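# could you work out the structure for the sequence below:
(chains A and B)
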Amino acid sequence: MLVEFEDVTKVYEHDIVALDSINLVIDKGEFVFIHGPSGAGKSTLLRLIYMDEFPTRGEVQVGEYTSKKMSSKDIAMLRRKVGVVFQDFRLIPDLTAFENVAIALRAAGKRPSEITKRANLVLHSVGLSTKRHQLPLKLSGGEQQRTAIARAIALRPLLLLADEPTGNLDPDTALSIFDLLADINRAGTTVVVATHDLRHAERLGKRVVQLEAGRLVRDEGGR
Amino acid sequence: MSVACIMIMTFSLLILGIFLMATANLREVLRYAHEKVEIVAFLRDGVTRESADSLMLEIRNIPYVETIRYVSATEALERLRSEFGARSYILDALDVNPLPASIEVTLKPQYRLRQRIMSVAERIRQFPQVEDISYGRGWITRLERLVRAVAIADLGIGLVVAIAAMVTVSYTVRLTLYARREVIQVLKLVGATDWFIMWPFLIEGAIHGLVSAALSLLILYMGYRVIEVKLPQAVFVSPHLIVSYVVFATGVAVLGSWASLRSFLREKVQ
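Numbers count the residues shown, from 1 in each chain, chains lettered A, B, ... in the order given. The predicted structure follows:
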């Protein structure tokens, strides 16, 4: 077991219930799609995993970390083991692709020689070797998302979270991004993708966890 | 934005610097006054020289006494005559010398404090040969009160300057943080510790403090040089105080940065 939600409820301000009594277990090496319409609670579920949010009730466990007891240092350490990718890429515009990846390694206190070696390696693994010195604006949407994925896996995380990773991409590019995520999963990293588009889950034949209005209504496939 | 921040901090620190320099100079005046202070014991009429000598022996035995000198009535009149200068003929009209003999006592420098001077003077007053004593009690008290009041004002102004500097730096850092929000969010996302994110901003705050302290000291020194022409006895703030002043400015600037950073880092990545 890598991630466990134990009767988790998340209520935001003004009594908005984002998640309601969620029980969920994700094992090491799984590829899980979190599916549901907008506002179903998919992003909140991911945020609870990388502990940007904490449950109002219940407990989230990620590896050795529990939502009941997290210091700011613990959160930093957890995020070195959990890579996150967003729809809007979140790259730093005035840094090159290489520097965007290197920043994650530098923040984790890696040595300069290791940073260069590892950043080049992950950029190669996402197919961006030749574009590593380009600024994000000079890259296509797909290439920007590949850079973001390279940054997220730079520290060899146990878990990769992706929140609508292909929301801004054309269908062909989206396909290649999901293939890349599947490759990363095959290499041993657990992958959790929040999406409202189920076609890729069906194509890849992976586990689907369905959310509706904050409730888990379906959990099937994969495993 | 940094330039505006440094200017505001420099100006705030300059006000503190002016008060610190005023205090340093008042303290110097007080030190000088204490140095010059002496106790004069006026002897009763008819006290013989032998009796005065035995009194001097007793006074010499009082701890803290440094020098002791007998001034005869004749010598006192001579002094007065020389003080009168060209008008000393006025004294010729006197049939008898109206001035008493006296004993002048100075204390060791480290004991020239108001309380000590007063206690020694009171002891001397108790001797039967002594009719009256004199020392600059009134004006020393007033001067000491003034120094104390200015020192309290220093503390008050120091506090106001500290708050002003902290708020200024804190707002400047907050604006910088907003400008670099994207980078900070990414750093938080990839597992950077709070310290990793904070230290560049804390160093920036410290540099603001250092530069502002240096600039305000430079302006203060230029002002001092102008005053020194008219008032050569004026003193600049001591090296010890300069170090404290720079540490103070740097400290409040770092604290201001830290306050902004703490609240900013609590924000979510989203």
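# and the nearest residue to residue A:67 once chain neighbours are set aside, what's its pLDDT?
Nearest residue to residue A:67 in three dimensions, chain neighbours excluded: residue A:60, at 4.2 Å (Cβ to Cβ, 6 or more residues apart in numbering or on different chains). C-beta coordinates here come from the backbone N, C-alpha and C atoms, glycine included. Residue A:60 carries a pLDDT value of 97.
# check contacts around residue A:60.
Residue A:60 sits next to A:3, A:4, A:5, A:6, A:8, A:48, A:49, A:51, A:54, A:66, A:67 when contact means Cβ atoms under 8 Å, 6 or more residues apart in numbering or on different chains.
# which stretch of helix or strand covers the third one?
Counting by DSSP states H and E, the element that carries residue A:5 is strand A:3-12.
# quick check, that strand touching chain B?
No - using Cβ under 8 Å from any Cβ of the partner chain, strand A:3-12 never reaches chain B; the gap is at least 11.4 Å.
# tell me, how many residues neighbour the closest residue to residue A:43 other than its chain neighbours?
Excluding its sequence neighbours, the residue lying closest to residue A:43 (Cβ to Cβ, 6+ apart) is residue A:163, at 5.5 Å. For residue A:163, the tally of surrounding residues (other Cβ atoms under 10 Å in any protein chain shown) stands at 21.
# ok, residue A:163 - contacts?
Here residue A:163 is in contact with A:42, A:43, A:46, A:84, A:85, A:86, A:87, A:194 (Cβ under 8 Å, 6+ apart).
# ok, so of those, who is nearest residue B:54?
Of all the contacts of residue A:163, residue B:54 sits closest to residue A:84, with 96.5 Å by Cβ to Cβ.
# gap between the closest one and chain B?
The gap separating residue A:84 from chain B is 6 Å, by Cβ to the nearest Cβ, to the nearest Å.
# output the contacts of residue A:163 as a markdown table; include the columns secondary structure, pLDDT and distance to residue B:140.
Formatted as a markdown table, the contacts of residue A:163 follow (DSSP: H, G, I helix; E, B strand; the rest coil; pLDDT from 0 to 100; distance: Cβ to Cβ, whole Å):
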| residue | secondary structure | pLDDT | distance to residue B:140 |
| --- | --- | --- | --- |
| A:42 | helix | 96 | 80 |
| A:43 | helix | 95 | 76 |
| A:46 | helix | 97 | 76 |
| A:84 | strand | 96 | 73 |
| A:85 | strand | 96 | 77 |
| A:86 | strand | 94 | 74 |
| A:87 | coil | 92 | 78 |
| A:194 | strand | 96 | 81 |
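# pull the number of nearby residues for the residue nearest to residue B:184 when sequence neighbours are not counted.
Ranked by Cβ to Cβ, 6+ apart and with sequence neighbours excluded, the top spatial neighbour of residue B:184 is residue B:197, at 5.9 Å. Residue B:197 has 20 neighbours, counted by other Cβ under 10 Å.
# report pLDDT for residue B:197.
91.
# just residue A:98 next, same as before
At residue A:98, pLDDT is 97.
# for it, give me its contacts.
Residue A:98 sits next to A:119, A:120, A:123, A:132, A:133 when contact means Cβ under 8 Å, 6+ apart.
# try it again at 7 Å.
A:119, A:123, A:132, A:133 (Cβ atoms under 7 Å, 6 or more residues apart in numbering or on different chains).
# quick check: the first one vs chain B, distance?
Translated: residue A:119. Going from residue A:119 to chain B by Cβ to the nearest Cβ gives 12 Å.
# need the residues that contact the helix or strand harbouring that residue.
Per DSSP H and E, residue A:119 falls inside helix A:112-125. Contacts with helix A:112-125, where a contact means Cβ under 7 Å, 6+ apart, come from A:97, A:98, A:101, A:102, A:105, A:106, A:129, A:132, A:150, A:153, A:154.
# which of these are buried, as a PyMOL select command?
To isolate the buried members of the contacts of helix A:112-125 in PyMOL, using 16 or more other Cβ atoms under 10 Å in any protein chain shown:
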select buried, chain A and resi 97+98+101+102+105+106+132+150+153+154
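# which pair in the contacts of helix A:112-125 spans the largest distance?
So, the contacts of helix A:112-125 by Cβ to Cβ: farthest apart are A:106 and A:129, at 20.3 Å.
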